[in-house]
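[1] next one to model:
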Amino acid sequence: CLRLPIDVDIYADIITILPEREELVDFVPMIPVRQLVITRHGEEIESLSELEDRVVAMVRGSSYESQVARYGQTLNFVPQMLYVASTADMVRAVVDGTADVTLQDSVLGFDIIRDYPKLHLGRPLGEVQFLGWGLARGDAGMKDLVSSFIHLARESGAWEELWIESNETGYLDYLALMGI
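    Down below sits the predicted model:
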């Protein structure tokens, strides 16, 4: 659930752009993502219907919770959710066995696999979503400034350089890997 102080001008962290969040803040889209299933090795999920028999670690109100709930509705089951406080706790619940599976966006997923080699990163799920910076609603000047900053970072090569430093692969390679 997105909670921002009233006097925030910019939320300089990337968060998933969702319709309910767009009612609170304006966004500048930055990074396309897909959600990935994370399980322990040897317990991989081949079909979304297998979520019915698994405990799914989740943060209440997150884009991940929305996605799992949609799968449950589509496949006619009620997911077994284990609600935790943070996305890091979602991963720890799978590592320690209190949950069987969790979802993470594709950017975080690669970091998780690097940090927890006993976990398995499944195939991309669902539609492409975007991570973005949240801005105070109606501040067109700030939105233009942030959009220009991101555009210049991409044009200058700084975006690619920072992406490789943070993710150990190129941005275009990431997009291709996610089928974006």
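
[2] could you identify the helix or strand that succeeds the helix of greatest length in the chain?
    Under DSSP state H, the helix in the chain containing the largest number of residues is helix 140-156. Downstream of helix 140-156, the first helix or strand assigned by DSSP states H and E is helix 158-167.

[3] which residues touch that next one?
    107, 110-111, 150, 152-154, 169-172, 174 (CB atoms under 8 Å, 6 or more residues apart in numbering). Heads up, the C-betas are built off the backbone N, CA and C, glycines and all.

[4] what angle do it and helix 140-156 make?
    If you take axes from the mean of the first three to the mean of the last three CA atoms, to 10 degrees, helix 158-167 sits at 80 degrees to helix 140-156.

[5] who does the next helix or strand after helix 158-167 touch, helix- and strand-wise?
    Next along the chain after helix 158-167, taking DSSP H and E as the criterion, comes helix 171-177. Counting contacts by 3 or more CB pairs under 8 Å, 6 or more residues apart in numbering; DSSP states H and E, helix 171-177 packs against helix 158-167.

[6] mind listing what's buried in the helix it packs on?
    Neighbour-count burial for helix 158-167, counted by 16 or more other CB atoms under 10 Å, picks out 159, 163.

[7] same deal with stretch 57-74?
    Going by 16+ other CB under 10 Å, stretch 57-74 has these buried residues: 57-59, 62-68, 71-72.
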